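Student: Have a look; sequence and predicted model below, questions after that.
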Amino acid sequence: MPKTVSFITENFDRYDPNSIDSYLKIGGFTAVKKALTMSVGEIIEQIKAASIKGRGGAAYDTGKKWEQAAAVPGLNKVVVCNADEGEPCTFKDREILAKDPFRLIEGLIIAGYAVGAQNGYIYMREEYRHLRPLIKNALQAAEAKGFLGKNILGTNFSFNIHLYSGAGAYVCGEGTALVKSMMGDSGRPRTKPPFTKECGLFDLPTLLNNVETLAVAAAVVQHGVQDYIRYGTADSKGTKMICLAGNVRKPGAYEVPFGLTLREIIYEIGGGIADDKEFNFVQLGGASGKIAPASLLDTPYTYEDLAKAGLSVGSGGFLVVDKTTSVIDFLQAVQHFFIDESCGKCTPCREGNSQIAYIIAKIKDGKAQTGDLEVLKDLANLMRTCSLCGLGQAAPNALLSAMKHFPEEFKVLSLAG
C-alpha cells in the first residue's frame, strides 16, 4: 500500500489557482459537467457508495446527509461550506483553498444541484483573509465562464456562491454557531431541533459541509466511485487528508489511504521524531481529540480501528509530542485554549473548563488533594453529557485519555493528604 496518494489532492501544483483557464486545461469542471447530466438520485447514490464521512470532525455520512437535505421540502435552499478550520493542528482545508479553489467550487455546485439549492456560501475563518482575493477571483472567473449564475451550462439549474468571513472564533466551527455568525448574531450554538437541514442560514433549509468533504465529493463524481474505493479498507473506504505537526521531522498536510498504522504515518511519512527525541504521545484530531501512547502506534488509521482503541479520526490532525513536554503541561495548554474559546453560553462548558484547569494547575504544583482525581472525572463526564455543543462535549477528551493511558502522571492525587 502506498504511503501517500493523490486523489483529493491530484490537482495540487498542477495549475495556477489564479487562472481558470489553466484549471480547464487539466480537465477542470469535468465533475460539474458530468453531474449536470445525472439525476439527483444518481449523484447521491454515488456519494453514498463512496462512504464519504464528513471531514470536519463529526464523521457523519455525507451521502446520507445529502439525501436528507434533498428530501426537505422548500423552493429556496442553501449550501454552506464550512471553511472555518479552527481546530488546532488542522490546516488541510487551507491547502485545498490555496492550491485547488476551483475543485471546492465544483463540490459546492454539485452539492447545490444534488439537494436543490439556489445559493452556496463559503464561511472562511478570519485567519485565512490572505486567501480571500484568491477565492473571490475564482468565483468571479467561474461565473464568467458560465459555471455559476443563471442556467449553468444551458441547463435549468441556477446557482450562485457567496464568500463570508468569520471573526476567528473556534466555536463557529459548530454548525449552528456558524449560521448564527453569518446572520450577524453572536456565534453561539443553539439547541436542536430544528436541525440545520430544516432551518439553517436565514431560516432556510441548509446543507452544511466541510471544505475537504466537498472536494472529495467532486473528485468522486469526476472519477467514479471505483477509482476512490480502490484505496482504503472494506469499512473505511478511500483516502483522508491529514495534518502532521509537532515534534516530527517532516510536518505538513498529506493525503493517505485509510489503513496505514499510526506508526507508519508518524515515522515513515513524518520522518520520525525531530532531533531523535523520545516519543511521548500523539493527539489525533485537534485539541478536542484524544491522545495515544506508544502502545497504540500500531493501530490502523481507520474509523473502526481507532474507535476500538478509544480514538477518532476527527479533523485529521496529528500532533506529535516528545518527552520534553510532560502530559500535565500539555493538558494545561489544552485547557487554557478551551477556556479562551468557550462561548460561555452553557454552564457545563463555561465552568467545567475553568475548574478542570484549576485542578490541573494544582497537580502541576504538587498541591492536589485526595479526591481531586474523582472530581476531574466527574467534571469531564458532566461536560461530555450536558454541554450544549461539540466544543464542551469534546473538550475533556485529552484529559480523559491521558488519565487512562498515563495514570502515573496523576499519582500526586493519591499521595497528597
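Tutor: Noted; the coordinates are in hand.
Student: Quick one: the strands in the chain, in order.
Tutor: Here the chain has its strands, by DSSP state E, at 77-83, 117-124, 160-165, 206-210, 239-246, 252-257, 279-284, 291-293, 317-322.
Student: closest to residue 3 out of the ones you listed?
Tutor: Within the strands of the chain, the stretch nearest residue 3 is strand 252-257; the backing value is 6.9 Å (CB to CB). Backbone N, C-alpha and C define where each C-beta goes, glycine included.
Student: Tell me the gap between that closest one and the middle of its chain.
Tutor: In terms of CA atoms, centre = their mean, to the nearest Å, the centre of strand 252-257 is found 14 Å from the chain centre.
Student: Kindly report the same for stretch 173-191.
Tutor: Taking CA atoms, centre = their mean, one finds the center of stretch 173-191 at 17 Å from the center of the full chain.
Student: of all the strands of the chain, which lies closest to residue 67?
Tutor: So among the strands of the chain, strand 206-210 is nearest, using CB to CB, at 10.6 Å.
Student: what's in contact with the longest helix seen in the chain?
Tutor: Among the segments of the chain that qualify as a helix by DSSP state H, the longest is helix 347-364. Helix 347-364 has contacts (CB atoms under 8 Å, 6 or more residues apart in numbering) with 328-329, 331-332, 335-336, 338-339, 342-344, 368-369, 372, 375-376, 379-380, 382-383, 386-389, 391-392, 395-396, 399, 409-410, 412-413.
Student: Repeat that for stretch 46-61.
Tutor: Contact with stretch 46-61 is made by 62-67, 82, 87, 114, 173, 209-213, 216-217, 220-221, 224-225, 228-229, 236-238, 240-241, 285-286, 288, 303, 312-316, 390, as judged by CB under 8 Å, 6+ apart.
Student: All the helices of the stretch 151-300 of the chain, in order from the start?
Tutor: Using DSSP state H, counting those that start in this stretch, the helices assigned to the stretch 151-300 of the chain run over residues 175-182, 211-223, 225-229, 262-263.
Student: Same list (those helices) but as TSV, adding mean pLDDT.
Tutor: Formatted as TSV, the helices of the stretch 151-300 of the chain follow (pLDDT from 0 to 100):
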stretch	mean pLDDT
helix 175-182	95
helix 211-223	98
helix 225-229	98
helix 262-263	98
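Student: Adding distance to residue 10 and mean neighbour count, write the ones you listed out as TSV.
Tutor: Putting the helices of the stretch 151-300 of the chain into TSV (distance: least, CB to CB, whole Å; neighbours: other CB atoms under 10 Å) gives the following:
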stretch	distance to residue 10	mean neighbour count
helix 175-182	29	24
helix 211-223	7	26
helix 225-229	10	16
helix 262-263	25	20
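Student: who wins for proximity to residue 167 among the ones you listed?
Tutor: Across the helices of the stretch 151-300 of the chain, closest to residue 167 is helix 175-182 (CB to CB), at 7.4 Å.
Student: follow-up on the earlier one: which members of the contacts of helix 347-364 occur in helices, if any?
Tutor: Using DSSP H, the contacts of helix 347-364 in helices are 328-329, 331-332, 335-336, 338-339, 372, 375-376, 379-380, 382-383, 386, 391-392, 399, 412-413.
Student: what stretches of the stretch 201-350 of the chain score poorly on pLDDT?
Tutor: For the stretch 201-350 of the chain, no stretch has pLDDT under 70.
Student: likewise the stretch 1-150 of the chain?
Tutor: In the stretch 1-150 of the chain (pLDDT under 70), the answer is 1.
Student: one more time with 80, if that's ok
Tutor: Low-confidence segments of the stretch 1-150 of the chain (pLDDT under 80): 1-2.
Student: in it, which spans are helices?
Tutor: Using DSSP H, counting those that start in this stretch, helices in the stretch 1-150 of the chain cover 20-25, 30-35, 40-49, 62-71, 92-99, 101-115, 132-144.
Student: now, of those, which is deepest in the fold?
Tutor: helix 101-115 (a mean of 27; mean count of other CB atoms under 10 Å).
Student: tilt between that helix and strand 77-83?
Tutor: Interaxial angle of helix 101-115 relative to strand 77-83 (axes from the mean of the first three to the mean of the last three CA atoms, to 10 degrees): 150 degrees.
Student: so helix 101-115 versus strand 160-165, what angle?
Tutor: Going by the same axes, to 10 degrees, helix 101-115 is angled at 120 degrees with respect to strand 160-165.
Student: Pretty sure residue 151 sits against residue 36.
Tutor: No - between residue 151 and residue 36 there is no contact under CB atoms under 8 Å: 10.8 Å.
Student: Those two - which one has more neighbours?
Tutor: residue 36 (17 against 11; other CB atoms under 10 Å).
Student: Once you drop chain neighbours, what's closest to that one?
Tutor: Of all residues not flanking residue 36 in the chain, residue 155 sits nearest, at 5.3 Å (CB to CB, 6 or more residues apart in numbering).
Student: so how many other residues sit close to the one you found?
Tutor: Neighbours of residue 155 (other CB under 10 Å): 10.
Student: separation between it and residue 43?
Tutor: 14 Å (CB to CB, to the nearest Å).
Student: Would you mind confirming that residue 134 is in contact with residue 98?
Tutor: Yes - Residue 134 is within contact range of residue 98, at 7.0 Å (criterion: CB under 8 Å).
Student: which ones are touching residue 213?
Tutor: 52, 54, 55, 56, 62, 107.
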